[in-house]
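1. Could you look at this predicted model? Sequence included:
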Amino acid sequence: MAGHSQFKNIMHRKGRQDAQKSKLFGKLAREITVAAKLGTPDPNMNPRLRAAIIAARQENMPKDNIERAVKKALGNEGENYDEIRYEGYGPGGVAVIVEALTDNRNRAASDIRSFFTKSGGNLGETGSVSFMFDRTGIIEYDRSVASDDAVLDAAIEAGADDVVSGEGGHEIYASTEGYRDVAKALEAKFGEPRKAALIWKPQNTVAVDDETGEKLLKLMDLLNEHDDVQQVYANFEVSDALMAKMGG
């Protein structure tokens, strides 16, 4: 079945669902503040902060907002956020990982559990589905930065594990240990990437029928719209027709 991997298109749908820029900027600022608090406030020395700032720039977040979010960490202002990973099964037994930053663990757990339950899935224990995903680094570039061969050669030289080039651009994957060095080497050659982050990459994806796919996409939207949810990963594919219908 020619389908859309949910791993690939979740972030595109997320952009559509977060059309209210204030909500999206709030999530991005939260990640910048937490990343700066956990490490150095210098993005050149803090890969997580660097990734957060790149994500913010991609969404045209004003420079003042970015700087304010970093300063919040330096002054120990604002709330303290807990990082929590939720794991569970959505409709059709599809594996779902939800990464959240929350100042109220009870509220977040209750809300996320209810989303899973209402969709016909269930929230599991930590570790219940993450074994079906690989924790890996991804660096993405637009198609126009270089030819497939040039990107492949540079990625191999930088120590990357895998490269996938297609109409949507170039995706370079690296181990969690080597990701920072690979990203730096590629940036020296091709400039700032459109994305650089640690992600949960499904080892395999499962094709689902349109009825199940519609339920899953609605669950993804519910999760992504929640203020505490930063990222959602899942291991399913849906048909092109359903993606068009749902406006993905």
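-> Structure's in. What do you need?
2. need the next SSE after the longest helix along the chain, C-terminal direction.
-> Counting residues, the longest helix found in the chain (DSSP state H) is helix 21-38. Downstream of helix 21-38, the first helix or strand assigned by DSSP states H and E is helix 47-58.
3. That following helix - contacts with which helices or strands?
-> helix 21-38, helix 63-74, helix 179-190, strand 195-202 (3 or more Cβ pairs under 8 Å, 6 or more residues apart in numbering; DSSP states H and E). Just so you know, the C-beta spots here come from the backbone N, C-alpha and C atoms, and that holds for glycine as well.
4. And those: which comes nearest residue 47?
-> When these are compared by Cβ to Cβ, helix 179-190 sits nearest residue 47, at 4.6 Å.
5. If we go by neighbour counts, what in the closest one is buried?
-> Buried residues in helix 179-190, counting neighbours by 16 or more other Cβ atoms under 10 Å, are found at 179-183, 185-187, 190.
6. How far away from the center of its chain is that helix?
-> Here the centre of helix 179-190 is set off from its chain's centre by 19 Å, with Cα atoms, centre = their mean, to the nearest Å.
7. tilt between that helix and strand 195-202?
-> Orientation check (axes from the mean of the first three to the mean of the last three Cα atoms, to 10 degrees): helix 179-190 against strand 195-202 gives 130 degrees.
8. mean confidence score for helix 179-190?
-> Helix 179-190 comes out with an average pLDDT of 94.
9. Specify the angle between it and helix 47-58 in degrees.
-> Going by the same axes, to 10 degrees, helix 179-190 makes 40 degrees with helix 47-58.
10. could you say what helices and strands helix 179-190 packs with?
-> helix 47-58, strand 133-141, helix 148-158, strand 169-174.
11. Wait, residue 218 touches residue 119, no?
-> Yes: counting by Cβ atoms under 8 Å, residue 218 touches residue 119, with 6.8 Å between them.
12. Need the overlap of contacts for these two.
-> Residues touching both residue 218 and residue 119 (Cβ atoms under 8 Å, 6 or more residues apart in numbering): there are none.
13. Residue 70 reaches residue 34, doesn't it?
-> No: counting by Cβ under 8 Å, residue 34 is not a contact partner of residue 70; they are 11.0 Å apart.
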